[in-house]
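Trainee: predicted coordinates and the sequence they were generated for:
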Amino acid sequence: LSLSTLNNPFFVEVRDGAQQAADELGFELIVTDAQDSVSNQISNIEDLLQRGVDVLIVNATDSDAVVPAVMEANSRGVPVIAVDRGINGGTLAYFIASDNLAGGRMAGEFICERLGGQGAVVELEGIPGASAARERGQGFNEAMAACEGVQVVARQTANFNRAEGLSVMENILVAQPEIDAVFAHNDEMALGALQAIQASGRDILVVGFDATDDAVAAVEACTMAATVAQQPALLGAEAVRAAGTIVNEGAPAEVQNVAVELQLVTSEACQ
Amino acid sequence: MSDPATAGAPPAPLLEMRNVTKRFGAFEALKGVDFDLYPGEVHALLGENGAGKSTLMKIVAGVQPATSGTLRVGGEEVAFRGVGDAQAHGVAMVYQELALATDLSVAENLFLGRLEPFVSHRRLAERARPLLEQVDLDVPPLTPLGALAVGEQQLVEIARALGQERRVLVFDEPTAALSSAETERLFGLIRRLKERGVGIVYISHRLEEVFAIADRVTVLRDGRRVLTAPLAELTPDDVVRAMVGREVLRFQREPTVRAAAPPFRFEYGGDGLAPGAIELRPGEIVGAAGVVGSGRNKLLATLFGLGGEARLDGARVASPADAIAKGMFLVPEDRKLAGLVLDLSVRENLTLAILPRLVRAGMFLDRRQEGQEARRWIERLHLRPPEPEKPVVELSGGNQQKVVVGKALATGPRVLLLDEPTRGVDVGARSEIYRVIDELAREGMAILVASSDTEELVGLADRLLVFRHGRVAVELTRPLDDKEVVAHVTGARQVA
Amino acid sequence: MSQAPGRWRELIARFGLLLALVVMVIVLASISDRFLTTSNIINVLRQISVNAIIAFGMTVVIIGAGIDLSVGSLLALVGVSAALLATGAGLPVWLVVVIAVVLGLLLGLVNGLFVGYAGVAPFIVTLAGLTIFRGAALVLTDGRPISGLPPFFSRLGYGTFLGLPLPIWIMFGVLLLTFVLLRHTALGRAIYAVGGNREAARLSGIPVRRVLAFTYAFSGFATAIAAIVLTGRLNSAQPTAGQAFELDAIAAVVVGGTSLAGGRGGVWGTLIGALIIGVINNGMNLLNVSSFYQQIVKGGVILAALLLDRALSRREG
Amino acid sequence: MSQAPGRWRELIARFGLLLALVVMVIVLASISDRFLTTSNIINVLRQISVNAIIAFGMTVVIIGAGIDLSVGSLLALVGVSAALLATGAGLPVWLVVVIAVVLGLLLGLVNGLFVGYAGVAPFIVTLAGLTIFRGAALVLTDGRPISGLPPFFSRLGYGTFLGLPLPIWIMFGVLLLTFVLLRHTALGRAIYAVGGNREAARLSGIPVRRVLAFTYAFSGFATAIAAIVLTGRLNSAQPTAGQAFELDAIAAVVVGGTSLAGGRGGVWGTLIGALIIGVINNGMNLLNVSSFYQQIVKGGVILAALLLDRALSRREG
Ligand SMILES: Nc1ncnc2c1ncn2[C@@H]1O[C@H](COP(=O)(O)OP(=O)(O)OP(=O)(O)O)[C@@H](O)[C@H]1O
Ligand SMILES: Nc1ncnc2c1ncn2[C@@H]1O[C@H](COP(=O)(O)OP(=O)(O)OP(=O)(O)O)[C@@H](O)[C@H]1O
Ligand SMILES: [Mg+2]
Ligand SMILES: [Mg+2]
């Protein structure tokens, strides 16, 4: 299992889910961490192939960049399963992902509905150029475009980082007299923004993405409106189960897409 | 020359400077100076430390532009934009502060700035050999320059200038770290250049050298020209009076009355020094003489725990910190490398070694006392300008040397090791330093002075160790005679 | 001028930089009427507090001709350690803070011992520190953020004293402490000497190794304080906090005129450097500059500020 | 010893480091029988090629007493520019490569002009370069990676010549070029002189500013080559590529014994440095060290290697 990063609780859960499934199935799971670097990941995969793995599960740091490494695996006859992020080339056995685009749209629609189709919204973007940032942003903005009374009044990056979410939100709060909702491309930024909003004493709807423990707790405490839940553990587990299928039954003739559900975590009690 | 009107008149000057001024911020280092130089002439440029000698010549060499005034080289008015410009006009300079790259080889340094595009180190070494032979420096040309002693580096710097075939050659205190043997050799080379019509500017604080080699002299005082005249018309006293504006008494030392205290016994060896031992008695001044590379500097460095092996009264001197704890202090020979923190001010450098004494309440510096201490040494050593807050990097070479010496004297150790203490220091300040050294000896300090200046050693020392090839070749005692010392140093006289 | 006390001398030397800051402020104030409000000024000061506190410690290291790349990771490690102690061990909060600060100081000291006594290049030692401290923070927390802290932390992050937020007071406290250290103690003088010319310092009897070790310990100390402040501001601690903080801190120091070659500079310049960086970030958020262009603008403005400084100041940084 | 040619002198000086590398190799070989296979050795060499090529350029800058933080972003900018030209403009591939290399050289030169002629601190100039180039790469691509490159790129990334992958050949090509530059040209020697003692270099008539400007242009040139190689290896170009590459490159240089103070070091040491880092990464993957612990192990091993080097080498880095 070649992971893009373990510096993020999300992927830690992917790993845990995968590990658990592997333990159940009695597989040996080798985990590598590319630390969000494409070239690290290529090296990791090369090293994994060097060690003679039977099935390669790849959580790509970038969908295009890992293609050559996947082709290398293909040439050695090692089946490849993509998790979370797609891979734009080579031969895949399975693609297991939750849909970031749909998630962004889900968040946008939720905000539109809660604001009653009227209001000012702030978008906190992830690391510029990162695929999760692109896709979530795209889905969100599609929903915003469809929701006519709602304006995105500020769009700033906080690099998926809680401390930056805090200070960027503080600055935006100074600049924008009127804000009704914030959508952050991940929960870390959302929680930072929440901190700034609480300090300012203003009443603003915050929606995050990923449903980390902290975010879910905040939703339950009614301080955060919602977070889009991927099911990272499920992603990991599904990938390993797919690997199990390959080992037992051989690789499928063509790529099988396994869509892992997204859900919006909200709290009924807070409405 | 064929013009009948100028026939019989002196040839056109190689170098003409008119009304040159130079400012550093608000400070005026040169105030309307005129200077000229003729082919085949050795023109001495004299003045106290900080008078503006180096500043004037750095304008000639293209290091820095004049603030105002004109400069003509070979009759053509020029405004150099860099050292390269000056070199293209046939001007080269041997700098007072060595301008060498310590991590490059000796050979590369000889050709630095004019290497061929592709460098073959073997060929370079071959081209370097004749130049090194010229100055009688016997080191492999591919040795990194940093491994050489200061005097040896000085010779490299000289050899580099000699290799350039220039019309104008400026020597800024070339002999400050050279003994009389190397100096004689340099003079031979200068005479040969003279014959070829090269114009030479010679800056030095050693008057006897000036009278031996120069034809004319120009004296600067506080950035003004106060005298230009043929040397034949002057006596040394005239020159000194022009420089300092008063009489300077030549320092004469009365032999110290020996204190009864027991001597410090040093044993040393290693790192190129033959094993040996010396005793220094409290109140005694011992000199160390020798040619470049003979090991006198190494002796001092070794005693101070900087390499080799040294023991004081049987106890190993492990490091400079250990040496200081045992009551020693060293004035190192290379002030820029080891003596000064150039970015710090005069005050901060002077008090650097006595910080523990200036501390109040466990850690805070007593700024009033620090200022007093700094001002004391500034006055005593005639620092010019007498400003405690000036960064040391902006001082003239001689004044920087005074700061290094002042810092050491302020510590008041039991054993003081002085390595070329007056390198580049003017006559007036030099006798002042001698006076302080003498006083300290009288108060019971044991002092070891290594120097390349025979006159200095003869004037100061109670005893003199002459070094050859890393060992004490002979020990001389008072009364000392200049000629005899020189003979021993050069090896002309061997003692069994 | 030459007799001016240290603080003024430092500020005069950074005159061009101050001017650049003033120009930036004027430009921003004329574009956005929200920029020059008291609340936004306080906002900017509060935002720079963490970076500035780290940068003050970094200034000390850099004046000693060193560099400390480990600050961001150390911040994370100290932050999660404090958070774990505060949530798990049931210790009183004041004790947690003391332990955290001592931990930062000790880990900094370890860096310092490698640099001073083992003679390994500071870049390598603290780069190793960067990866090791980060790894330790991740191992301690299994990669998860820690929240549910006692109210002390959010009071620290959001409380005020005499109308000013506590992080700003703490920042000025560390500033003054560092200034006094550098300008008014023998140790501070020794740091300048060691950074300016290590050999000369050694021959003057200054315990060079001990002085070097101290500078890294001080940087660890400052970073630990910054960690507590950040933990308060976020009311939680992340093992991933502080990434690339070392670059921000070094940038503040160098923009502020302290030379990476050592021996020169001071902590007031660092404050100006941190302010310049903070004002740029704040301004771009206020003006809603798109995130791709933000990076271009930020680089350009810093470069322009330094060019102005070069044109007006006498000596080189 | 003093008569030994440059290459050997450099290697002897890094004897302790070489030994550390050998120890690491022996340890790894004894733990994992896959480590010392031809295919894994080639694997390691190919993996370090991009970092090593950048680090060779960085070595030149650092010997000149500078630093280049912009390499990672420049790599991204050159990579996406080349990819855009190759996919969009319909230019022949060789021309794309030439344009890309010239672009890298020119952008490096801009850094160099600011450092050499405007006298701004290298850290600041190239930090501004870091953000500006990154921003430009994002703007050019609207943040999206570019794929669908002509087959030339993947041939470059995965083709072999005489059994060795092309990236390795290119790496050794740049190594030799840099070595000859540094050791056997007047310009190279001038770089040492400028880095060792700028004032002395100036007094010797060396055109200091031009030399400094050149070093950054050379770094840009090397980075552009690395960008082409990486684009080939990934068969695509990302505007986000190369993050933190500057730290890796500087680490290879400094581990390899080149002093950040300038004037000292060489490019063979950098190769060893890059190898050490590459072997550590490869080894940890082969041994399946858990990723949190990887960071700790990596820092610890680098530190241990440098300690061994310090203990065995004579002169300090
Ligand atoms: N870069 C500088 N900035 C400020 N002042 C300077 C600078 N360089 C020289 N000065 C000042 O100019 C004056 C003349 O210095 P210069 O080096 O020419 O003296 P000098 O005659 O060569 O003395 P010495 O015999 O000590 O070498 C000194 O007072 C010195 O402090
Ligand atoms: N670090 C070093 N590495 C190698 N050789 C050295 C080193 N330092 C000094 N030497 C050599 O040791 C010899 C003695 O040096 P020392 O400094 O004692 O000479 P010296 O008599 O003081 O001459 P000078 O007047 O030139 O300073 C010289 O030949 C010098 O080249
Ligand atoms: Mg002078
Ligand atoms: Mg000597």
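Mentor: That came through fine. Ligands and ions are numbered 1, 2, ... in the order given.
Trainee: only C-alpha atoms from now on, for both contacts and neighbour counts.
Mentor: Will do.
Trainee: where exactly do the helices run in the chain?
Mentor: Looking at chain A here, since you left the chain open. For chain A, the helices defined by DSSP state H occupy A:9-25, A:38-50, A:67-75, A:100-114, A:131-146, A:162-175, A:187-200, A:213-220, A:232-249.
Trainee: correction: the question concerned chain C.
Mentor: Counting by DSSP H, the helices of chain C are C:6-13, C:15-31, C:38-63, C:71-84, C:93-116, C:122-141, C:151-158, C:166-184, C:186-196, C:198-203, C:208-234, C:245-255, C:267-286, C:291-312.
Trainee: quick check: mean pLDDT across the last one?
Mentor: In other words, helix C:291-312. The average pLDDT within helix C:291-312 is 88.
Trainee: again with the first one
Mentor: The predicted model gives helix C:6-13 an average pLDDT of 58.
Trainee: the helices of chain A into a markdown table, with extra columns for mean pLDDT and mean neighbour count?
Mentor: Formatted as a markdown table, those follow (pLDDT from 0 to 100; neighbours: other CA atoms under 10 Å in any protein chain shown):
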| stretch | mean pLDDT | mean neighbour count |
| --- | --- | --- |
| helix A:9-25 | 87 | 20 |
| helix A:38-50 | 84 | 23 |
| helix A:67-75 | 83 | 19 |
| helix A:100-114 | 92 | 22 |
| helix A:131-146 | 91 | 21 |
| helix A:162-175 | 92 | 24 |
| helix A:187-200 | 94 | 24 |
| helix A:213-220 | 91 | 20 |
| helix A:232-249 | 86 | 21 |
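Trainee: for residue B:297, which of those is the nearest?
Mentor: helix A:38-50 (54.5 Å; CA to CA).
Trainee: list of residues touching the closest one?
Mentor: A:2-4, A:32-34, A:60-62, A:65-66, A:69, A:73, D:34, D:40, D:43, D:47, D:234, D:241, D:282, D:285-286 (CA atoms under 8 Å, 6 or more residues apart in numbering or on different chains).
Trainee: on that earlier part again, including distance to ligand 1, could the helices of chain A go into TSV?
Mentor: Putting the helices of chain A into TSV (distance: least, CA to the nearest ligand atom, whole Å) gives the following:
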stretch	distance to ligand 1
helix A:9-25	58
helix A:38-50	49
helix A:67-75	59
helix A:100-114	63
helix A:131-146	54
helix A:162-175	45
helix A:187-200	51
helix A:213-220	61
helix A:232-249	65
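Trainee: of all those, which one is nearest residue B:119?
Mentor: Residue B:119 lies closest to helix A:38-50 among the helices of chain A, at 38.1 Å (CA to CA).
Trainee: and the angle from the closest one to helix A:67-75?
Mentor: Between helix A:38-50 and helix A:67-75, the angle formed by their directions is 10 degrees, by axes from the mean of the first three to the mean of the last three CA atoms, to 10 degrees.
Trainee: name the residue most distant from the centre of the chain?
Mentor: With no chain named, the answer covers chain A. residue A:177 (30.9 Å; CA atoms, centre = their mean).
Trainee: let me rephrase: I mean chain C.
Mentor: Max radial position in chain C (CA atoms, centre = their mean) goes to residue C:203, at 31.5 Å.
Trainee: what parts of chain C come near chain D?
Mentor: Contacts of chain C with chain D, taken as CA under 8 Å from any CA of the partner chain, map to C:118-121, C:123-125, C:127-136, C:138-139, C:251, C:254-255, C:261, C:292-300, C:302-303, C:306-307, C:310, C:316-317.
Trainee: for the residue farthest from the centre of chain A, give its distance to residue C:282.
Mentor: With distances taken as CA to CA, to the nearest Å, residue A:177 is found 16 Å from residue C:282.
Trainee: check residue B:169 too.
Mentor: From residue B:169 to residue C:282 the distance is 59 Å (CA to CA).
Trainee: got the contact list for residue 189?
Mentor: I'll assume chain A. A:124, A:158-166, A:208.
Trainee: um, chain C though
Mentor: For residue C:189, the contact set (CA under 8 Å, 6+ apart) comprises B:348, C:182-183.
Trainee: of those - the most surrounded one?
Mentor: Using other CA atoms under 10 Å in any protein chain shown as the neighbour test, the contacts of residue C:189 are led by residue B:348, with 26 neighbours.
Trainee: ok and the residue in the stretch 1-150 of chain B nearest chain C?
Mentor: For the stretch 1-150 of chain B and chain C, the shortest gap (CA to the nearest CA) falls at residue B:25, measuring 8.9 Å.
Trainee: for that residue, give me phi and psi.
Mentor: phi 60, psi -120 (degrees, to the nearest 10).
Trainee: what is the burial count for it?
Mentor: So residue B:25, with other CA under 10 Å, has 8 neighbours.
Trainee: what confidence value was assigned to it?
Mentor: 84.
Trainee: likewise for residue B:435?
Mentor: At residue B:435, the model reports a pLDDT of 88.
Trainee: quick one: low-confidence parts of chain B?
Mentor: B:1-10, B:247-249, B:255-260, B:492-496 (pLDDT under 70).
Trainee: how does it divide into domains?
Mentor: Using automatic domain parsing, the domain ranges for chain B come out as B:15-244, B:264-490.
Trainee: first to last residue in the shortest one, what's the distance?
Mentor: Okay, so that is domain B:264-490. Distance between the two ends of domain B:264-490: 29 Å, counting by CA to CA.
Trainee: no further questions, thank you.
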